[in-house]
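Student: prediction below, plus the sequence it came from.
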Amino acid sequence: MAFPKQVRLAEMSPRDGLQNEAGPVIATEIKTGLIERLADCGLTHIESASFVSPKWIPQMGDAADVMAGIKRRSGVRYSALTPNLKGFENALAADVDEVAVFGAASESFSQKNINCSIAESLERFLPVMEAAQKHNIPVRGYVSTVLGCPYEGDIAPEQVARVAKDLADMGCHEISLGDTIGVGTPFQAKRMLEAVTKHVPVERLAAHFHDTYGQALANLYAVLEEGVAVIDASVAGLGGCPYASGASGNVATEDVLYMLSGLDIRTGVDLKKLVATGVWISNQLNRPNGSKVGQALKS
Ligand SMILES: CC(C)(COP(=O)([O-])OP(=O)([O-])OC[C@H]1O[C@@H](n2cnc3c(N)ncnc32)[C@H](O)[C@@H]1OP(=O)([O-])[O-])[C@@H](O)C(=O)NCCC(=O)NCCSC(=O)C[C@@](C)(O)CC(=O)[O-]
């Protein structure tokens, strides 16, 4: 298959990037400032918040305030995670454009992350799907640990395909395939994708790769070759995983954008502004900038 001509970058930094940040809860104004700067870069899909239990993820406890505080830009989809009906109702009240349910291909990861089995998680998502349909809100579905699990090691591609199919069958318009701990390599990514596309068309898939082992760009190249045209990424490579020590954030959006423009793939995102945003948020959080391109191009 040929490379796509255009890719949609789904920006993860306000949610996946900030949810595990150590230290005190980040000020709401920093979160809204980040989201507004990202929209100004030309990003049209920004995962902005997470309506989960604040006891589990304290950094996302101000989700409603974040959604209320953003100066919204037309044409931008402001999405949020909703693990259950309570999360959906809160997200609806906060006027999100899209919600996301999140499951895993590994039983152990599912238990640690959302405190239930894979089968129970799918049951829990059903009322979210029903309510979302009633309110005409699109639902994205995540599958975590698609290329490896911190507890179980290798994950069979067929297991990933089963969960992806279940999410697609219940009405998720897009399935994002997460290499949660960034352990995968390109052939493995291709094999996993091959198994998933037997059940879910590639047009409905997104790649969500973390960069712990420095393989994320290579893995993205591998799945781009197979036609994946939605890529999740996080400016300055923000993020981590509380269940895998040393795990890095999503691949840096700046690095993905640089690679895509070299491949003549359009995104509509301004690299210069994105680099400035990565520098800004790294300074706000007082952490090193995790983007190689961001470091090379910062002025
Ligand atoms: C799913 C639950 C809620 C189950 O948690 P639980 O303890 O099993 O649920 P519960 O129904 O028994 O509720 C316990 C308490 O939480 C409250 N509660 C219940 N639901 C909500 C809600 N929506 N919003 C706010 N509060 C909520 C509920 O009201 C109750 O409050 P209490 O009576 O104790 O005061 C919990 O495990 C949870 O919030 N987990 C979140 C985990 C998470 O956010 N992980 C990170 C995101 S996933 C990810 O990063 C991976 C991804 C997507 O990026 C892809 C990849 O990289 O692989």
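Tutor: Yes, it's here. Residues are numbered from 1 along each chain as shown.

Student: quick one: name the residues of the stretch 151-299 of the chain near the ligand.
Tutor: 178, 180, 208 (C-beta under 6 Å from any ligand atom). In this view, the C-beta of every residue, glycine as well, is placed from N, C-alpha and C.

Student: which helix runs longest in the protein?
Tutor: Among the elements of the chain assigned as helix by DSSP state H, the one spanning the most residues is helix 118-134.

Student: quick check: angle from the helix or strand just after that one to helix 118-134?
Tutor: In the C-terminal direction, the helix or strand that comes right after helix 118-134 (DSSP states H and E) is strand 139-144. When axes from the mean of the first three to the mean of the last three C-alpha atoms, to 10 degrees is applied, the directions of strand 139-144 and helix 118-134 differ by 160 degrees.

Student: list the buried residues in the helix or strand just after strand 139-144.
Tutor: Once strand 139-144 ends, the next helix or strand along the chain (criterion: DSSP H and E) is helix 157-169. Residues of helix 157-169 classed as buried: 157, 159-164, 166-168 (neighbour count, 16 or more other C-beta atoms under 10 Å).

Student: and the nearest residue to Val251 once chain neighbours are set aside, what does it touch?
Tutor: Setting aside the residues directly before and after it, Val251 is nearest to Ala216 in space (C-beta to C-beta, 6 or more residues apart in numbering), at 3.6 Å. When contacts are counted by C-beta atoms under 8 Å, 6 or more residues apart in numbering, Ala216 is found next to 179, 182, 209-210, 250-251.

Student: so how far is Ala195 from Ala216?
Tutor: Distance of Ala216 to Ala195, given as C-beta to C-beta, to the nearest Å: 20 Å.

Student: likewise Val223?
Tutor: Between Val223 and Ala195 the distance, using C-beta to C-beta, works out to 13 Å.

Student: give me the more crowded residue out of these two.
Tutor: Using other C-beta atoms under 10 Å, the more surrounded residue of Val223 and Ala195 is Val223, with 22 against 18.

Student: returning to what we had before: from the chain's centre, how far out does the longest helix of the chain sit?
Tutor: 19 Å (C-alpha atoms, centre = their mean, to the nearest Å).

Student: what angle do that helix and helix 157-169 make?
Tutor: Relative orientation of helix 118-134 and helix 157-169, computed by the same axes, to 10 degrees: 30 degrees.

Student: helix 118-134 - contacts with which helices or strands?
Tutor: Taking 3 or more C-beta pairs under 8 Å, 6 or more residues apart in numbering; DSSP states H and E as contact, the helices and strands that helix 118-134 lies on are helix 85-93, strand 98-104, helix 107-114, strand 139-144, helix 157-169.

Student: so which of the contacts of Ala216 is the closest to Gly87?
Tutor: Using C-beta to C-beta, Asn250 is the member of the contacts of Ala216 that sits closest to Gly87, with 21.2 Å.

Student: what sits against the closest residue to the closest one other than its chain neighbours?
Tutor: Among residues not flanking Asn250 along the chain, Ser234 sits closest, at 3.7 Å (C-beta to C-beta, 6+ apart). Remark: with contacts taken as C-beta under 8 Å, 6+ apart, Ser234 is in contact with 11-13, 16-17, 249-253.

Student: quick check: bridge partners of Ser234?
Tutor: Ala252 (DSSP bridges).

Student: what's the neighbour count on Asn84?
Tutor: Neighbouring residues of Asn84 were enumerated by other C-beta under 10 Å; the total is 18.

Student: then Pro4?
Tutor: Neighbour count of Pro4, defined by other C-beta under 10 Å: 20.

Student: how far out from the middle of the chain is stretch 7-27?
Tutor: A distance of 9 Å separates the centroid of the chain from that of stretch 7-27, by C-alpha atoms, centre = their mean.

Student: and the residue of this protein closest to the ligand?
Tutor: When distances are taken as C-beta to the nearest ligand atom, the chain reaches nearest to the ligand at Gly178, 2.7 Å away.

Student: good, wrapping up.
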